[in-house]
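A.B. asks: here is my input; please provide its structure:
(chains A and B)
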Amino acid sequence: MGEAVLSYEYYPETLHLVLAKDVKNMPEIKSLLLNNKLDCALIKPCLVPNVFVVLQAAYKASQAKIKGKLITKTIYTEILYNLSPSKNITQSLATFGAQETDTELLLAHFGVSETLQSILSQIQGNFFKPTENIGNPEQIVKFYNIKPIESTVTPIENSVVSRIATRGVV
Amino acid sequence: MDFPADYQLVKQGAEAKIYKGTFLGRPVIVKERFCKTYRHPELEAMISKERLKAEARGILRCKALGVPAPAVYYVDPDSKLMYLEEIDGSTMKDLFTSLLASDDKDAPDKLKQLSLSIGEAVGKIHAGHLIHGDLTTSNFLRHGFKTYLIDFGLSSVSTLAEDKAVDLYVLERALISTHPGSDQYWTHILASYSKSYPSGSKEVLNKFKEVQSRGRKRTMVG
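C.D. replies: As a prediction, the model looks like this:
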């Protein structure tokens, strides 16, 4: 199981990322999540250009938590909210969170390997280590409103990263 | 600001300190706007916040107009920090300085190409009504065949030909004063400026002549 996890040390916690495919019990997972019984974020992979974007959204969320400046309820909803170009929280969670009909999800969890294992044990699916390119570029371009004039001079990932970083500042 | 041990101070300007380091595994440039103790604290807080915002807005708009600018990785408004993508290139200032001093027979042609790329970048941002506010040869980075614009702390959005003309005038003064002997390349900058900003460059260039004759500031007489 260890090779399917991408871990990143954040002070004071460690972030773990796992890509799950062919998930069979999505409705069950979703209801556990909504009842606060699953301590993680379940991200829709198709809208995420690569791992760095998730690391960045998670970093921004963990900094906000440390400063007591979370905009949403938890650090996990904050990750989804940070990923979204929209300021509407409900809409952001619906768009960037994995839905009951999905079979793929990108799981983000702050904790230790034991807590991660207990979460993974409740998901019926195949686990993979997230790689550089995850999402669907056409959907990403549309969602973040990146025009061709911009995507021809800078990589899509850079445009997404810059939007995430500056949101709430500009 | 206490940075991790791998952060190195690489430059200290009038407005900010520039560090090199890593962020989530990537090489980054961190720009820290420091406090000016001679300013009134409230004014200082307002100015530095405005410039941080202007910088973020300027970068986003610049990219959206098709001119390369570094990606923003993280902004911390409380400690006035901005984490930016590190562009592994040379400033136009360094390139101009070394090419003007070199006796390489290709140097004039290289300088012409660089000048054309400067004009193109400025033309494109002005066509989108973005005013850089501090156009100097140090604020253009050349990486491969791309010319990046950096340092948007004084940027603003304006449709006025006057503001665009002043932006050009600042660039002209900077070019001529930092690079003696570069006068001939100014015409290349203007030529590609006009080419990449066909809808409004004429009006801006007329205004530019007016600005040249009076200086950057408008006369406030009368």
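
A.B. asks: contacting residues around the residue nearest to the spatial centre of chain B?
C.D. replies: Geometric centre of chain B, nearest residue: residue B:139, 3.8 Å, by Cα atoms, centre = their mean. Residues near residue B:139 by Cβ atoms under 8 Å, 6 or more residues apart in numbering or on different chains: B:91, B:132, B:149-151. In this view, the C-beta of every residue, glycine as well, is placed from N, C-alpha and C.

A.B. asks: for it, give me phi and psi.
C.D. replies: Residue B:139 adopts backbone torsions of phi -100, psi 10, taken as degrees, to the nearest 10.

A.B. asks: from residue B:127, how far out is it?
C.D. replies: As for residue B:139, its distance to residue B:127 is 19 Å (criterion: Cβ to Cβ, to the nearest Å).

A.B. asks: next one: residue B:8
C.D. replies: For residue B:8, the distance to residue B:127 equals 38 Å [Cβ to Cβ].

A.B. asks: now residue A:109
C.D. replies: The value you get for residue A:109 to residue B:127, if Cβ to Cβ is used, is 46 Å.

A.B. asks: show me which of these two is the more surrounded one.
C.D. replies: More neighbours surround residue A:109 than the other of residue A:109 and residue B:127, with 26 against 18 (other Cβ atoms under 10 Å in any protein chain shown).

A.B. asks: skip the chain neighbours and tell me the closest residue to that one.
C.D. replies: Excluding the flanking residues, the one nearest residue A:109 by Cβ to Cβ, 6 or more residues apart in numbering or on different chains is residue A:40, at 4.1 Å.

A.B. asks: just residue B:49 next, same as before
C.D. replies: Here the residue nearest residue B:49, using Cβ to Cβ, 6+ apart, is residue B:77, at 6.7 Å.

A.B. asks: ok, the one you found touching residue B:51?
C.D. replies: No: between residue B:77 and residue B:51 there is no contact under Cβ atoms under 8 Å: 11.2 Å.

A.B. asks: neighbour-wise, which of those two wins?
C.D. replies: Taking other Cβ under 10 Å, residue B:77 and residue B:51 do not tie; residue B:51 has more neighbours (20 against 14).

A.B. asks: name the residues of the stretch of helix or strand residue B:126 belongs to that are buried.
C.D. replies: Following DSSP states H and E, one finds residue B:126 within helix B:107-127. Residues of helix B:107-127 classed as buried by neighbour count (16 or more other Cβ atoms under 10 Å in any protein chain shown): B:111-112, B:114-127.

A.B. asks: what pLDDT does residue B:10 get?
C.D. replies: Looking at residue B:10, its pLDDT stands at 89.

A.B. asks: whoops, I mixed them up, residue A:135
C.D. replies: On the pLDDT scale, residue A:135 gets 89.

A.B. asks: so residue A:7 lies in a strand, does it not?
C.D. replies: Yes: judged by DSSP: H, G, I helix; E, B strand; the rest coil, residue A:7 forms part of a strand.

A.B. asks: would you check that it makes contact with residue A:18?
C.D. replies: No: taking contacts as Cβ under 8 Å, residue A:7 lies outside contact range of residue A:18: 9.8 Å.

A.B. asks: compare those two and say which is more crowded by neighbours.
C.D. replies: Neighbour tally, residue A:7 and residue A:18, criterion other Cβ under 10 Å: the higher count belongs to residue A:18, 24 against 15.

A.B. asks: distance check, that one against residue A:155.
C.D. replies: 25 Å.

A.B. asks: can you give me the buried ones in the least confident helix or strand in chain B by mean pLDDT?
C.D. replies: Least confident helix or strand, chain B: strand B:8-12 with a mean of 89, by mean pLDDT, DSSP states H and E. Buried residues in strand B:8-12, counted by 16+ other Cβ under 10 Å: none are found.

A.B. asks: which strands or helices does it pack on?
C.D. replies: Using 3 or more Cβ pairs under 8 Å, 6 or more residues apart in numbering or on different chains; DSSP states H and E as the contact test, the elements touching strand B:8-12 are strand B:16-23.

A.B. asks: contacts for the strand it packs on, please.
C.D. replies: B:3-4, B:6-12, B:27-34, B:73-74, B:83, B:86, B:153.

A.B. asks: paired strands for it, with orientation please.
C.D. replies: strand B:8-12 (antiparallel), strand B:26-33 (antiparallel) (DSSP bridges).

A.B. asks: hey, where'd the helices end up in chain B?
C.D. replies: B:41-64, B:92-101, B:107-127, B:161-178, B:183-196, B:201-214 (DSSP state H).

A.B. asks: so is the fifth one next to chain A?
C.D. replies: No: Helix B:183-196 lies apart from chain A when judged by Cβ under 8 Å from any Cβ of the partner chain; the minimum separation is 12.1 Å.

A.B. asks: cool, and the third one?
C.D. replies: No: Helix B:107-127 stays clear of chain A (Cβ under 8 Å from any Cβ), getting no nearer than 9.0 Å.

A.B. asks: now do that helix against helix B:161-178, angle only.
C.D. replies: 160 degrees (axes from the mean of the first three to the mean of the last three Cα atoms, to 10 degrees).
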